[in-house]
Structures are given as C-alpha cells and as structure tokens.
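*Asks:* No letters, just coordinates:
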C-alpha cells in the first residue's frame with residue numbers, strides 16, 4: 001500500500017498530537033465502531049491516517065535533537081495530553097535544524113519545563129535530508145513569528161520537489177510570489193495557519209456568517225485566548241504576533257460583506273497561563289442588532305486541548321496534498337487551504353470550500369492548472385489572492 005511520507009519541522013505539542021494520533025488510528029483501523037471518530041474523513045483518496053509515515057524530523061531543542069521521534073514528542077516543554085504512548089517503530093532521529101528566528105529571546109527567562117533550550121549542535125543540510133528520506137510533504141510547525149526559518153524550509157522544499165503544508169501564520173502559500181514558485185515547480189502546497197477542528201477561529205467564523213445570513217448586523221466583536229503551552233509563551237513577544245493577528249482577524253472579517261472597522265474587532269492571544277498547559281480557553285463576545293435595530297449580544301466560552309484540536313485537520317491537509325501530488329496538480333490547493341487554514345490564498349465560505357473538497361476527493365481525474373491552482377482555480381477571483 002502506498003504511503004504518505006512526511007517530514008516535520010518543529011517537534012512541539014502539535015507535532016506530538018499529530019504523531020500520537022496517527023498511531024492511534026493505525027492501532028484502531030480494524031475496528032468497525034468509531035474508527036473514524038474525530039476525523040472529517042477517514043479515507044482521502046486511497047489514504048487512511050495509518051498510511052501517513054514520518055520519515056524525517058527537525059527541531060532545535062537539546063532534549064529532542066538526537067532522540068528517536070517517538071521519544072522526543074514527550075520531552076519538555078511539550079505538555080499536551082497523551083493519546084497513544086506505545087509505538088511499533090521509534091521513528092526517525094530528530095535532527096538539528098537552523099535556528100534563524102525560531103526562538104524568541106524572552107524564552108531564556110522561563111523555566112526549562114516551559115521554554116525552548118537550543119541544542120549545541122550544527123544544523124543539518126535540510127534539503128539533503130528531505131531528498132535522502134524521500135519525503136513527499138514537509139509539515140511546518142515552527143513557532144509563530146519564525147519568518148526567516150519558515151522561508152528557509154520553504155526553499156528546501158522547492159529545491160527538492162517536496163510539498164509544503166504550512167500550519168503556522170507565516171505567509172508562504174498565501175503569498176503570490178511564493179505560491180507562483182511552487183506552481184512553476186509543479187509542487188502542490190497547502191496553507192497558511194492551520195484551523196482547529198472546533199476551535200476559536202472556526203466557531204467565530206461560523207457565528208459571524210450566521211449574523212450575516214440571518215439578517216443581523218454585527219457591530220463589534222472580540223476573541224481573547226489563553227493557554228499555557230509553548231505557543232502562547234512564544235506569543236508573549238508582541239514583535240512575533242503581527243502575522244498571527246492578521247491571519248485570525250482576516251479569517252473572521254472575510255465572512256462579512258463589509259468588514260468591521262479595525263477599532264471594532266479585536267482577535268488574538270490574550271495571555272500565557274502556565275497551569276493551563278495545552279488547554280486553550282477562548283472568550284468570545286459579539287455585539288450587534290437584529291430586527292428593527294434591537295440590540296443583541298452573544299458571549300461564548302470555549303475550552304479545548306489546543307494541539308489535538310488541530311491534529312485531525314492536519315491529517316486531512318496532508319492527505320489532500322498527497323492526492324494532489326498523485327494527480328500532478330501544482331501550486332496552492334485553494335478549497336483545501338480555504339477550509340483547513342485561517343489565511344488561505346483565497347477566503348471562501350466554509351460550506352462552499354467543504355463542498356469543493358468533497359468533489360476534489362471523489363474525482364480522481366482532476367488535472368493540473370496554471371498559476372495559482374486548485375480544482376476551483378478557474379473560478380477563483382484573481383484579486384482575492386493574497387500578497388501579504
């Protein structure tokens with residue numbers, strides 16, 4: 001059976017949940033009951049979750065570099081909940097990647113069990129590792145704000161013909177120049193900034209669209225998030241947050257015919273609360289007017305385990321990307337990115353994107369298209385392709 005061979009950049013909580021989840025579904029694949037629990041699709045083309053194989057991994061933390069992947073995913077500062085701790089294979093050895101801007105300086109002020117601790121090792125040649133491992137797809141889980149580091153890995157993917165699934169808010173797939181380079185190289189890609197399965201952004205988007213579809217006027221809204229994982233510790237550095245706030249805000253604003261004034265919308269991380277660990281709490285408020293201008297207010301509190309909440313979405317993104325490779329499709333996958341990512345090249349209504357993904361999965365004769373590509377590329381408005 002064909003495999004989906006992936007390399008992972010950043011062996012943090014999200015990577016841990018993804019790898020544990022793949023093993024969980026591998027061990028339970030023969031059970032008829034609930035084998036697809038927690039997945040949008042158990043099968044994407046010929047691929048089940050069990051067909052995803054990690055063939056290379058990169059990190060910079062001294063407790064992870066040099067360790068087998070299935071050991072490294074449980075090393076500090078990882079703090080996500082255990083899904084599956086017994087593995088049939090140890091996985092590849094985690095190799096030292098270039099640090100670039102992958103570590104914020106303020107991390108040094110926090111305890112070892114909360115923060116990164118860079119290894120004293122020379123970075124490997126990432127392109128060489130990708131080539132020798134025969135990876136199909138590079139999954140990017142670097143910290144928010146890692147612009148230079150992400151660009152380095154994107155270049156390595158382009159050099160080696162490896163696809164990119166960019167799960168962080170550094171704009172590669174949604175950047176016109178980068179997107180065109182992937183298209184010209186004949187490489188499909190998905191991004192940017194993974195949505196959770198039932199997370200703050202998707203809930204906020206759906207409720208925003210609900211206001212619009214039901215004839216109510218949304219006047220102001222905020223979304224505040226707290227957690228105690230390394231992602232939220234990293235985001236205490238405001239200099240690393242610009243793209244994250246853009247990504248989350250545009251994801252919500254795109255569901256309105258007329259976006260709110262910037263002063264009337266605030267979306268982003270609120271604070272780092274160490275004892276919450278990987279539990280993320282979202283506080284959401286929406287103020288608007290309904291029939292005859294009568295005020296209405298909505299308040300919501302959402303509590304989720306942050307990293308597992310994105311792992312199932314990543315599994316779909318990875319498999320859709322592999323199906324695109326099998327079919328010779330090049331460049332950004334628009335509906336896939338629109339449904340699974342916060343900052344895609346083209347924002348879509350979620351129901352429309354989901355319908356097009358179902359068509360993409362069920363139609364094996366999809367052909368490549370030029371430039372910014374997908375099964376719906378011909379109908380995507382060119383002025384909606386992001387250049388940020």
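*Replies:* Yes, it's here. Quick caveat: nothing in here was measured; it's all calculated off a predicted structure.
*Asks:* Please look at residue 318 and residue 52 and confirm they touch.
*Replies:* Yes. Taking C-beta atoms under 8 Å as the definition, residue 318 is a contact partner of residue 52 at 6.1 Å. Where C-beta positions appear, they are placed from N, C-alpha and C, glycine not excepted.
*Asks:* List the residues that are in contact with both of those two.
*Replies:* Listed contacts common to residue 318 and residue 52 are 4, 6; contacts here mean C-beta atoms under 8 Å, 6 or more residues apart in numbering.
*Asks:* residue ranges with poor pLDDT in this structure?
*Replies:* Scanning the chain for pLDDT under 70 picks out 1, 30-35, 364-388.
*Asks:* ok, which stretches of it are strands?
*Replies:* 4-9, 52-59, 94-96, 137-140, 163-166, 188-190, 217-227, 265-272, 279-289, 295-305, 331-332 (DSSP state E).
*Asks:* Tell me which of those sits nearest to residue 120.
*Replies:* Nearest to residue 120 among the strands of the chain is strand 94-96; the distance by C-beta to C-beta comes to 9.4 Å.
*Asks:* correct me, but residue 187 touches residue 328?
*Replies:* No. Applying C-beta under 8 Å as the test, residue 187 and residue 328 come out as separate, 10.7 Å apart.
*Asks:* In terms of neighbours, single out the busier of these two.
*Replies:* Neighbours per residue (other C-beta atoms under 10 Å) separate residue 187 from residue 328, with residue 187 holding more: 22 against 11.
*Asks:* check contacts around the more buried one.
*Replies:* Applying C-beta under 8 Å, 6+ apart, we find residue 187 in contact with 157, 158, 161, 162, 163, 164, 325, 330, 331.
*Asks:* Can you flag the buried ones in those?
*Replies:* Burial by neighbour count, 16 or more other C-beta atoms under 10 Å: within the contacts of residue 187 this picks out 157, 158, 162, 163, 164, 325, 330, 331.
*Asks:* The nearest residue to residue 357 once chain neighbours are set aside: how many residues sit nearby?
*Replies:* Take residue 357 and drop its neighbours on the chain: the residue closest to it by C-beta to C-beta, 6 or more residues apart in numbering is residue 335, 5.2 Å away. Look at residue 335: counted by other C-beta under 10 Å, it has 25 neighbours.
*Asks:* Repeat that for residue 3.
*Replies:* Neighbours of residue 3 under the rule other C-beta under 10 Å: 14.
*Asks:* my guess is it contacts residue 49, does it?
*Replies:* No. Residue 3 lies out of contact with residue 49 (C-beta under 8 Å); the separation is 11.8 Å.
*Asks:* hey, what's in contact with both of these two?
*Replies:* Common neighbours of residue 3 and residue 49 (C-beta under 8 Å, 6+ apart) do not exist.
*Asks:* Run through the helices of the protein in chain order.
*Replies:* In the chain, the helices defined using DSSP state H lie at 13-27, 69-72, 126-133, 147-160, 176-184, 200-213, 230-234, 242-253, 308-327, 334-340, 350-362.
*Asks:* For residue 321, see how far away residue 186 is.
*Replies:* Per C-beta to C-beta, to the nearest Å, residue 186 is found 13 Å from residue 321.
*Asks:* Those two - which one has more neighbours?
*Replies:* More neighbours surround residue 321 than the other of residue 186 and residue 321, with 29 against 13 (other C-beta under 10 Å).
*Asks:* Who are the contact partners of residue 344?
*Replies:* By C-beta under 8 Å, 6+ apart, the contact set of residue 344 is 173, 174, 191, 192, 332, 334, 337, 338, 386.
*Asks:* hang on, isn't residue 144 packed against residue 238?
*Replies:* No. The pair residue 144 / residue 238 is not scored as a contact, 11.3 Å apart, by C-beta under 8 Å.
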